[in-house]
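>>> Got a predicted structure here, sequence first:
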Amino acid sequence: MIKSIKIGTRSSKLALYQSNLVKDKLLGSSPNLKISLVEIKTKGDKIQDRNLNRNIDKGFFVKEIQEHLLDDQIDIAVHSLKDLPVENYSDDITSVILKRANHSDVFLSRDKKKLSDFDHSLRIGTSSLRRKAQLLNFNSTLKIDDIRGNVDTRISKMVDGEYDGLVMAAAGIERLGLEDYITEYFDTEQMLPAPGQGAISVEFKKKNSELFDILKNINDNETGLCTYYERSFMNELGGGCNSPIGAYSFISDKKKIITGSILSLDGSQVYKHSLEKDISNDINIGKLLAEKLIKSGANKIIKNLNIE
């Protein structure tokens, strides 16, 4: 019988919030558990002077935590799902997915301006090629520069005048109670999120069936299914967590729906389409949508991005 669980986590405020959220949910269903957090530095935490281009190492923010899991130094690993590579790090690892929070991206501005108020004289910070490409598709004259650091660090850089605006994930801002900085929420017509954005993944060893009996109580089937389609879409296109690929899937009126896009880095080319099927149809709509985009010409962008 499992009496204690060690949670592996990054040490940022957001990562600790998410790990404590997992802890609270586990205690809600298994109140006698002793649960502790083990803070682990990843390569992404240690290297702060390197831009997050599409050639960064896979698992840049998660690999060290997964290694701790395989070495039995921790029992579960908590990640933002959008940070996890689509390829499994190890066949010995599986996961449950918590109910997704806000999937959207948001705009933050030092002077409470909206994106439409910005021109080339104002500096926008983002480390995401996906966000940058979609911003440039909206307005090719925008000045967009890379920014690194956790949520607090990025906001501090904006407040101090290094940047006039930021684009970040709504879920992280809301989880940390920093909504006052938000001037605009982007809908999926304006900006598609990263596959899995807003969802938390809890990894554990497949062979640990007793642990799964505990973790299944915090799993959300709908979030798991929708994020699986989103990540399948990205995988079929050959992309990683910092490719200019967006996807969002949801279920409504017994329909499963996905919208996905891939853009050139300068935002001048975009392939974007939606697809829906009956929920009873077991077809992978993410993979199917990617195949449709490739047939319509998206392979030209894929070739230029070297993500084949």
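In hand now; what should we look at? Remember, it's a predicted structure, so these values are computed and weren't measured experimentally. Numbering: from 1, shown residues only.
>>> how about the nearest residue to residue 164 once chain neighbours are set aside, phi and psi?
What sits nearest to residue 164 in space, not counting adjacent residues and going by CB to CB, 6 or more residues apart in numbering, is residue 122, at 4.1 Å. The C-beta positions use only the backbone N, C-alpha and C, and glycine is treated the same way. Note on residue 122: its backbone torsions stand at phi -110, psi 140 [degrees, to the nearest 10].
>>> now swap in residue 190 and tell me
phi -80, psi -40.
>>> ok, the nearest residue to it once chain neighbours are set aside to residue 187 distance?
Excluding the flanking residues, the one nearest residue 190 by CB to CB, 6+ apart is residue 138, at 7.1 Å. Distance from residue 138 to residue 187, counting by CB to CB, to the nearest Å: 13 Å.
>>> all helices for the chain, in order.
Under the criterion DSSP state H, the chain contains helices at 13-29, 43-46, 63-70, 129-138, 151-159, 170-175, 209-215, 221-237, 285-293, 299-305.
>>> Mean confidence (pLDDT) on the shortest one, please.
Along helix 43-46, the predicted confidence averages to a pLDDT of 67.
>>> one step back: so who does the residue nearest to residue 190 touch?
Residue 138 sits next to 115, 190, 267 when contact means CB atoms under 8 Å, 6 or more residues apart in numbering.
>>> Now the first one: closest residue in space that isn't a chain neighbour?
This means residue 115. In space, and not counting its chain neighbours, residue 115 is closest to residue 107: 5.1 Å by CB to CB, 6+ apart.
>>> so what's that neighbour bridging to?
Counting by DSSP bridges, residue 107 is bridged to residue 167, residue 184.
>>> Pull the number of nearby residues for it.
For residue 107, the tally of surrounding residues (other CB atoms under 10 Å) stands at 23.
>>> distance of the residue nearest to residue 190 from residue 75?
Where residue 75 is concerned, residue 138 sits at a distance of 44 Å (CB to CB).
>>> hmm, back to that, would you mind measuring from the residue nearest to residue 190 to residue 160?
Distance of residue 138 to residue 160, computed by CB to CB: 26 Å.
>>> centre of the chain versus stretch 144-160, how much separation?
Put simply, stretch 144-160 sits 18 Å off its chain's centre (CA atoms, centre = their mean, to the nearest Å).
>>> Just the endpoints, please. Distance across that stretch?
17 Å (CA to CA, to the nearest Å).
>>> next one: phi and psi at residue 118?
Phi and psi for residue 118, reported as degrees, to the nearest 10, are phi -90, psi 150.
>>> Hmm, it is touching residue 167, no?
No: contact status for residue 118 versus residue 167: not in contact, 10.9 Å apart, counting by CB atoms under 8 Å.
>>> can you list residues touching both of the two?
Residues touching both residue 118 and residue 167 by CB under 8 Å, 6+ apart: residue 124.
>>> That'll do, ta.
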